[in-house]
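Asker: below is the sequence, then the predicted model.
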Amino acid sequence: MLVKTFGSAVQGVNAYTITIEVNVSAGTKYYMVGLPDNAVKESEQRIESALKHNGYKMPRLKVVINMAPANVRKEGSAYDLPIAIGILAASEQLPLQNLEQYVIMGELALDGELRPIKGVLPIAIQARKEGFKGFILPTQNAQEAAIVNNLEVIGVSNLKEAIDFLSGNLAIDPVKIDTRDIFQSTVHQYTADFADVQGQENIKRALEIAAAGGHNVIMIGPPGAGKTMLAKRLPSILPPLTLHEALETTKIHSVAGKLGAQGSLLAQRPFRSPHHTISDVALVGGGGNPQPGEISLSHNGVLFLDELPEFKRSVLEVMRQPLEERRVTVSRARLTIDFPANFMLVASMNPCPCGFYNDPNKECVCGPGVVQRYLNKVSGPLLDRIDLHVEVTPVSFDQMTETRKTETSGDIRERVERARQWQAERFKEFPEIHSNAMMPPQMVKDLCRINESGRLLLKAAMEKLGLSARAYDRILKVSRTIADLAGSEEIKIEHLAEAIQYRSLDREGWAG
């Protein structure tokens, strides 16, 4: 007897339906075709054990399982459950009905218990898109799949529950959550606040500009000056995620298996801080079965690289293209996958190996030329792509012991949101552009006009600092953001001057 069940495969951040055809007929042996990998082939032993443990038997006939489309490689253990259900139906051990109405996914333990799987959210989105009635999956993943409305999400904890539900012997209420309610209740929950930071007003200002325009920023200063503390608070002043952005971000984390057992909608902007031993592939994504890397997990949020010169040079250089294009293209012989990577890069570094170059309180012990060699670990092209270069100085004792209240993240965020509203109006005809940092060169010429005095100031700065054409564009973008924060239609000379000072760490302008 021939029976069809339906599963799904994730490719990049999208899913596509897999039809699992099971035919049980006279003969012997068990055949699995359709380009399965080893994890899928090994399902025979897991399924046989799970069926026996629950009072069923593996048919001692010819069992042929075809996974279509047959030219696409099937990977992972999540096909255990739909294959097991198909075998039971094809061998007429159970009168299973309505199989064509459900997508079924889940990994089986030897006793029939179900283990959680990855990529549930894109699978649920695709199931709804293709008109399936419901999605049967492990209970641990049900909350994640329930983010998608108009789809019955049936969470089952073992093979027996799935069989009883499909045969009509057990009623299971679909898991339902109010996505908008969860989003609204958690979108303003932050674990860190700028109110905790004493002093460092110039750094807070720089981070406010970065947040208002979506600009990349690097902080350079001695150890203990507060670089990491400030970076961790940056997401709290960014505009809250929209529901669309939250779904997009959650989808990427679902594919990477980063949502946890009871994962649900991500309502806060992600903050990723990988260790400096990270590999190229782990940062940008890829692998045999391409997975999103840290820069895609930072999509719509912040990627923080602490101690930037300690990262391998090759790791830093692979970021150059994603910083410009805001996506990562992973090409393989069989397929090409795009991962979104619209993130803010925030980096920090010491000014020299000992950490105290330019420190007002401690003397640098590094030898001649050591500071420049240390800075040279970060390439000029990468620094060019970072809009704001900020020097962080240690906080004095008096500042640390001040009792007056400092500005909260909420106060700063209000100004950032007002600046973003100006930008939303400015770019309303360009849906792919959301902030000043994303403006292409031609748009910079049109929207970042400066007067003659500003032109002369910028010319002098470029000649003195030896800035590139890319740095020129980025100064104009930052000055446009500063003008937005000031509520000014025009870029005034004071806005341009402030933007220029944020290039002070360029090669020719710092450490000789």
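Answerer: Thanks, I have the structure now. Numbering: from 1, shown residues only.
Asker: ok, the nearest residue to V395 once chain neighbours are set aside to G226 distance?
Answerer: Among residues not flanking V395 along the chain, G199 sits closest, at 4.3 Å (Cβ to Cβ, 6 or more residues apart in numbering). The way it works is simple: take the backbone N, C-alpha and C, and place the C-beta from them, glycine included. Going from G199 to G226 by Cβ to Cβ, to the nearest Å gives 8 Å.
Asker: also P95?
Answerer: P95 is 67 Å from G226, by Cβ to Cβ.
Asker: hey, what's in contact with both of G199 and G226?
Answerer: By Cβ atoms under 8 Å, 6 or more residues apart in numbering, G199 and G226 have these common neighbours: V395.
Asker: give me the neighbour count for the residue nearest to V395.
Answerer: Number of residues near G199 (other Cβ atoms under 10 Å) recorded here: 17.
Asker: next secondary structure after the helix or strand bottoming out on mean pLDDT in the chain?
Answerer: Counting by mean pLDDT, DSSP states H and E, the chain has its least confident helix or strand at helix 397-400, which shows a mean of 68. Later in the chain than helix 397-400, the nearest helix or strand by DSSP states H and E is helix 409-426.
Asker: what does that next one rub up against?
Answerer: With Cβ under 8 Å, 6+ apart, helix 409-426 has contacts from 190, 192-195, 204, 208, 211-213, 233, 236-239, 434-436, 447, 481, 484-485, 487.
Asker: just the CA atoms of the very next helix or strand once past that helix, as CSV, please.
Answerer: Heading C-terminal from helix 409-426, the first helix or strand you meet, by DSSP H and E, is helix 441-447. C-alpha atoms of helix 441-447 as CSV (Å, rounded to 0.1, in the frame of the first residue of the first chain):
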residue,chain,number,x,y,z
PRO,A,441,26.5,57.1,-2.7
GLN,A,442,24.1,58.9,-5.1
MET,A,443,21.6,59.5,-2.3
VAL,A,444,24.4,60.9,-0.1
LYS,A,445,25.0,63.5,-2.8
ASP,A,446,21.4,64.4,-2.9
LEU,A,447,20.5,64.4,0.8
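Asker: contacts for helix 441-447, please.
Answerer: Outside helix 441-447, the residues that reach it (Cβ under 8 Å, 6+ apart) are 426, 430, 433, 439, 473, 476-477, 480.
Asker: by neighbour count, which of those wins?
Answerer: Of all the contacts of helix 441-447, the most densely surrounded is R480 (27 neighbours; neighbours counted as other Cβ under 10 Å).
Asker: what distance do you get for G213 to P431?
Answerer: Between G213 and P431 the computed distance is 18 Å (Cβ to Cβ).
Asker: go on, N14?
Answerer: Per Cβ to Cβ, N14 is found 20 Å from P431.
Asker: and stretch 174-194, how far out from the chain's middle?
Answerer: 18 Å (Cα atoms, centre = their mean, to the nearest Å).
Asker: buried residues, that stretch. List them.
Answerer: Along stretch 174-194, these residues count as buried under the neighbour rule (16 or more other Cβ atoms under 10 Å): 175, 177, 179, 182-183, 187, 190, 192-194.
Asker: could you dump these to TSV with pLDDT?
Answerer: Shown next, in TSV, are the buried residues of stretch 174-194 (pLDDT from 0 to 100):
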residue	pLDDT
V175	92
I177	85
T179	79
I182	78
F183	78
V187	74
Y190	82
A192	83
D193	82
F194	85
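Asker: from these, which land in helices?
Answerer: Among the buried residues of stretch 174-194, the members found in helices (DSSP state H) are 179, 182-183.
Asker: circling back: which one's more surrounded, N14 and P431?
Answerer: Ranked by neighbour count (other Cβ under 10 Å), N14 and P431 place N14 first, with 16 against 7.
Asker: okay, and the nearest residue to the more buried one once chain neighbours are set aside sits in which element?
Answerer: Nearest non-adjacent residue to N14, counting by Cβ to Cβ, 6+ apart: P122, 5.7 Å away. P122 is located in helix 120-129, with elements delineated by DSSP H and E.
Asker: name the surrounding residues that touch the helix or strand that that helix is followed by.
Answerer: Downstream of helix 120-129, the first helix or strand assigned by DSSP H and E is strand 134-138. The contact list for strand 134-138 (Cβ under 8 Å, 6+ apart) reads 81, 101-107, 114-117, 120, 123-124, 127, 145, 151-157, 162, 165-166, 174.
Asker: how does it look with 7 Å?
Answerer: Residues outside strand 134-138 that contact it (Cβ atoms under 7 Å, 6 or more residues apart in numbering): 101-106, 114-117, 120, 124, 127, 145, 151-156, 162, 174.
Asker: and the angle from that strand to helix 120-129?
Answerer: 160 degrees (axes from the mean of the first three to the mean of the last three Cα atoms, to 10 degrees).
Asker: would you mind writing the CA trace of the helix or strand that strand 134-138 is followed by as CSV?
Answerer: Per DSSP H and E, the first helix or strand lying C-terminal to strand 134-138 is helix 142-145. Backbone C-alpha positions of helix 142-145 (Å, rounded to 0.1, in the frame of the first residue of the first chain) are rendered in CSV as follows:
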residue,chain,number,x,y,z
ALA,A,142,5.1,24.1,19.9
GLN,A,143,5.3,27.6,21.4
GLU,A,144,7.7,28.6,18.6
ALA,A,145,5.5,27.2,15.8
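Asker: how far does helix 142-145 sit from the chain's center?
Answerer: From the chain centre to the centre of helix 142-145 is a distance of 19 Å (Cα atoms, centre = their mean).
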